[in-house]
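Asks: no sequence on hand, only this structure:
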């Protein structure tokens, strides 16, 4: 069986986790899914008054506001800081990268400058190239080299390279898990609303407060009896999404992913916060903590934090 190169597989794994920061949406029949939902007392009370719960669930399943917040980064001026750490087997920091950066946008082009860069350990090789695939893919997701011009509002570029096509497949998976995608050895495990997958999950809708905002928390979790690693029935272990009660905008998302196949394994946690600058929504903080192992390569264990501010 041909699993492709270790570079290709590592791209799939890392991009799967990071594509989730761009978009998570599911195309399934709402009435089918609704019967699995658990509602807290406040949501039940609201449903007696002005909340159409099935309609709101349908909105949550098909919402794209999270994706749009990330897409807005492509056409904005802002500052951001980069903090990346790679760990060895003893969980000590083996390499790191820290910098401050500014993105400039003048339609339809963007560019970036960087300062106060500090690199430690073997983050770079003697040629100044990245030693870690995590670093290479971080660069691809968050850095701009030279002037990059776009003619449309999508996150994709025309004449996409093979790497872009792989990432596009993963993004399509996040928008529509029922679509035809090509993720090695993963099957339909990411399609958490599929009738064959929904039996492994609990779906809860709760009313909670988040940083002074009244929100609905959409909480999806693997049932206790399927949480053991040996079960290997699921990839998305936990997915939490906070929706603003007023305009339904996603304000925060957290997720835990874990997979184990004969070709690769990974365990990743991510946390993304969204902010409003008075005009548009943007991600303001992204935290990643994960490890993955590819056949033929050393395990990579990394953490990174991106702080984004001063939008205009």
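Replies: Yep, that arrived. Keep in mind that this is a model prediction, so the values were computed, not measured. Numbering: from 1, shown residues only.
Asks: just the pLDDT for residue 129.
Replies: We have a pLDDT of 94 for residue 129.
Asks: whoops, residue 170 was the one
Replies: Residue 170 carries a pLDDT score of 47 in this model.
Asks: and residue 76, by the same measure?
Replies: At residue 76, pLDDT is 95.
Asks: touching, it and residue 105? I think so.
Replies: Yes - with contact defined as Cβ atoms under 8 Å, residue 76 reaches residue 105; the gap is 5.7 Å. From N, CA and C alone the C-beta is placed, and that goes for glycine too.
Asks: okay, and the beta partners of the closest residue to residue 306 other than its chain neighbours?
Replies: Leaving out its chain neighbours, the residue that sits closest to residue 306 by Cβ to Cβ, 6 or more residues apart in numbering is residue 286, at 4.4 Å. Assessed by DSSP bridges, residue 286 has beta-bridge partners residue 272, residue 306.
Asks: dump the residue contacts of residue 286.
Replies: 21, 270, 271, 272, 273, 304, 305, 306, 308 (Cβ atoms under 8 Å, 6 or more residues apart in numbering).
Asks: pLDDT score assigned to it?
Replies: 92.
Asks: distance of it from residue 131?
Replies: 22 Å (Cβ to Cβ, to the nearest Å).
Asks: do residue 291 as well
Replies: 16 Å.
Asks: also residue 53?
Replies: Residue 53 is 50 Å from residue 131, by Cβ to Cβ.
Asks: one more: residue 98?
Replies: Per Cβ to Cβ, residue 98 is found 16 Å from residue 131.
Asks: what of residue 233?
Replies: Relative to residue 131, residue 233 is positioned 35 Å away (Cβ to Cβ).
Asks: shaky segments in this protein?
Replies: 1-35, 49, 151-187, 229-230 (pLDDT under 70).
Asks: my read: residue 190 touches residue 236, true?
Replies: Yes - the pair residue 190 / residue 236 is scored as a contact, 6.1 Å apart, by Cβ under 8 Å.
Asks: next, the contact list for the residue lying closest to residue 271 once chain neighbours are set aside, please.
Replies: Distances taken as Cβ to Cβ, 6+ apart place residue 287 nearest to residue 271, at 4.4 Å, with adjacent residues excluded. Taking Cβ under 8 Å, 6+ apart as the criterion, residue 287 is in contact with 270, 271, 272, 303, 304, 305.
Asks: please enumerate the strands of the stretch 1-150 of the chain.
Replies: 37-39, 78-87, 93-106, 109-121, 148-149 (DSSP state E, counting those that start in this stretch).
Asks: listing partners with orientation, what would you give for the last one?
Replies: Each strand paired with strand 148-149, and its direction, by DSSP bridges: strand 109-121 (antiparallel).
Asks: before we move on, what about the longest one?
Replies: As defined by DSSP bridges, the strand partners of strand 93-106 come to strand 78-87 (antiparallel), strand 109-121 (antiparallel).
Asks: SS state for residue 311?
Replies: coil (DSSP: H, G, I helix; E, B strand; the rest coil).
Asks: distance from the chain centre to stretch 239-258, please.
Replies: 11 Å (Cα atoms, centre = their mean, to the nearest Å).
Asks: same question but for stretch 217-224, I mixed them up
Replies: Taking mean C-alpha positions (Cα atoms, centre = their mean), stretch 217-224 and its chain are 17 Å apart.
Asks: give the buried residues for that stretch.
Replies: For stretch 217-224, burial by neighbour count (16 or more other Cβ atoms under 10 Å) applies to 217, 218, 219, 220, 221, 222.
Asks: burial count for the closest residue to residue 88 other than its chain neighbours?
Replies: Leaving aside its sequence neighbours, residue 88 sits nearest to residue 94 (Cβ to Cβ, 6+ apart; 4.3 Å). Residues near residue 94, counting by other Cβ atoms under 10 Å, number 19.
Asks: so how far is residue 299 from residue 94?
Replies: 12 Å.
Asks: next: residue 108.
Replies: 41 Å.
Asks: which ones are touching the closest residue to residue 252 other than its chain neighbours?
Replies: In this structure, residue 252 finds its nearest non-sequential neighbour in residue 242, 4.3 Å apart by Cβ to Cβ, 6+ apart. For residue 242, the contacting residues are 208, 210, 213, 215, 216, 217, 218, 250, 251, 252, 253, by Cβ under 8 Å, 6+ apart.
Asks: of those residues, buried ones?
Replies: Listed as buried from these are 215, 216, 217, 218, 250, 251, 252, 253; burial here means 16+ other Cβ under 10 Å.
Asks: and the furthest pair within those residues?
Replies: 216 and 253 (13.1 Å; Cβ to Cβ).
Asks: coming back round to it: out of the strands paired with strand 93-106, deepest packed?
Replies: Among these, strand 78-87 has the highest mean neighbour count (mean count of other Cβ atoms under 10 Å), at a mean of 18.
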